[in-house]
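>>> the sequence isn't on hand, but the structure is:
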Ligand SMILES: C[S@@+](CC[C@H](N)C(=O)[O-])C[C@H]1O[C@@H](n2cnc3c(N)ncnc32)[C@H](O)[C@@H]1O
């Protein structure tokens, strides 16, 4: 969360425990948070701020090749296109496409014979990404409004499913992996960047709904995350990269939450609690 995003973001400061895991209230808070981001213009890529944001995650040539409007609201924690092995002609699905940064990068890689579907549940993000595509003349990308727990696509359509810092936000991660598996063709590949829990979060953070929207409180352990992928049927699951966050990085994520407003908690060391992972997996051929 950049300072500019913080100014525009008005996530509800409610309690996750009160909202109840899996509840519409979590999705409502996440939708409101990213709806506000979609209406803002804060360029985390160019300022290199760390956050549920993209500072330093993309190469300079990638940044230069992208529409500025997509960069301005980018909010990922990795670069899944770097591990997705995309080739011309492929069909790609981007779960939680936001302003479209990874969808547009993928569109360039799969070329005019390929196609990219960006899925997002926040209408403001979908509208913004569609406008960017239109204004940039990018034709091999389509943004669809919908929840990644119920992907609005037929079974087996995708060669590759990517996602950047989104699955941690879902209250039902098992259902997301089930859906990713469903839309992939047999032999298709999943490539995600996401936040994973390294050790237990302090209760005040874990319970905070704004911290959930900032990609912190919804994170689960590597065991749980990979367990959900295995349960969905994925094989060859590989952790490609794992960057554990420092105190400063996590504090930056939490700038927007009630946690940051409580001086008695600010002295706590927040190192080694969450990490950004890059994970690949394959839907078996049979
Ligand atoms: C942290 S942002 C990442 C956006 C984009 N992947 C990027 O890297 O810039 C999370 C995005 O996922 C969307 N999102 C969160 N939970 C979702 C869900 N359950 N279904 C669909 N979209 C979701 C939000 O609306 C938001 O646009």
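Right, received. Where do you want to start? All figures in this text were calculated on a predicted structure; none of them were measured in a lab. Numbering: from 1, shown residues only.

>>> which stretches of the chain form strands?
With DSSP state E as the criterion, the chain has strands at 50-51, 53-54, 91-95, 115-120, 141-145, 158-164, 184-197, 235-244, 274-282.

>>> whether the fourth one contacts the ligand - can you check?
Same thing as strand 115-120. Yes. Counting by Cβ under 6 Å from any ligand atom, the ligand is contacted by strand 115-120 at residue 120. Heads up, the C-betas are built off the backbone N, CA and C, glycines and all.

>>> interface residues of the stretch 151-286 of the chain facing the ligand?
So the stretch 151-286 of the chain meets the ligand at 164, 165, 166, 169, 170, 215 (Cβ under 6 Å from any ligand atom).

>>> is it true that the second one touches residue 76?
Okay, so that is residue 165. Yes. Judged on Cβ atoms under 8 Å, residue 165 makes contact with residue 76 at a distance of 4.5 Å.

>>> with mean pLDDT and mean neighbour count as added columns, please give the strands of the chain in JSON lines.
Formatted as JSON lines, those follow (pLDDT from 0 to 100; neighbours: other Cβ atoms under 10 Å):
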{"stretch": "strand 50-51", "mean pLDDT": "37", "mean neighbour count": "24"}
{"stretch": "strand 53-54", "mean pLDDT": "50", "mean neighbour count": "28"}
{"stretch": "strand 91-95", "mean pLDDT": "98", "mean neighbour count": "28"}
{"stretch": "strand 115-120", "mean pLDDT": "98", "mean neighbour count": "27"}
{"stretch": "strand 141-145", "mean pLDDT": "98", "mean neighbour count": "19"}
{"stretch": "strand 158-164", "mean pLDDT": "98", "mean neighbour count": "27"}
{"stretch": "strand 184-197", "mean pLDDT": "98", "mean neighbour count": "22"}
{"stretch": "strand 235-244", "mean pLDDT": "97", "mean neighbour count": "13"}
{"stretch": "strand 274-282", "mean pLDDT": "98", "mean neighbour count": "22"}
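
>>> any chance of CSV for those strands, columns distance to residue 60?
Shown next, in CSV, are the strands of the chain (distance: least, Cβ to Cβ, whole Å):
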stretch, distance to residue 60
strand 50-51, 18
strand 53-54, 13
strand 91-95, 22
strand 115-120, 22
strand 141-145, 22
strand 158-164, 19
strand 184-197, 19
strand 235-244, 20
strand 274-282, 20
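
>>> ok, which of these comes nearest residue 223?
strand 184-197 (9.7 Å; Cβ to Cβ).

>>> for the closest one, name the packing helices and strands.
When contacts are defined as 3 or more Cβ pairs under 8 Å, 6 or more residues apart in numbering; DSSP states H and E, strand 184-197 sits against strand 158-164, helix 222-232, strand 274-282.

>>> possible to save these as JSON lines with distance to residue 211?
Listed next are the helices and strands packed on strand 184-197 as JSON lines, based on distance: least, Cβ to Cβ, whole Å:
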{"stretch": "strand 158-164", "distance to residue 211": "19"}
{"stretch": "helix 222-232", "distance to residue 211": "18"}
{"stretch": "strand 274-282", "distance to residue 211": "10"}
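
>>> residue 208: which of those is closest?
Using Cβ to Cβ, the nearest of the helices and strands packed on strand 184-197 to residue 208 is strand 274-282, at 13.8 Å.

>>> follow-up on the earlier one: and which of the residues of the stretch 151-286 of the chain next to the ligand is nearest residue 233?
The closest of these, once distances to residue 233 are taken by Cβ to Cβ, is residue 170, at 17.9 Å.
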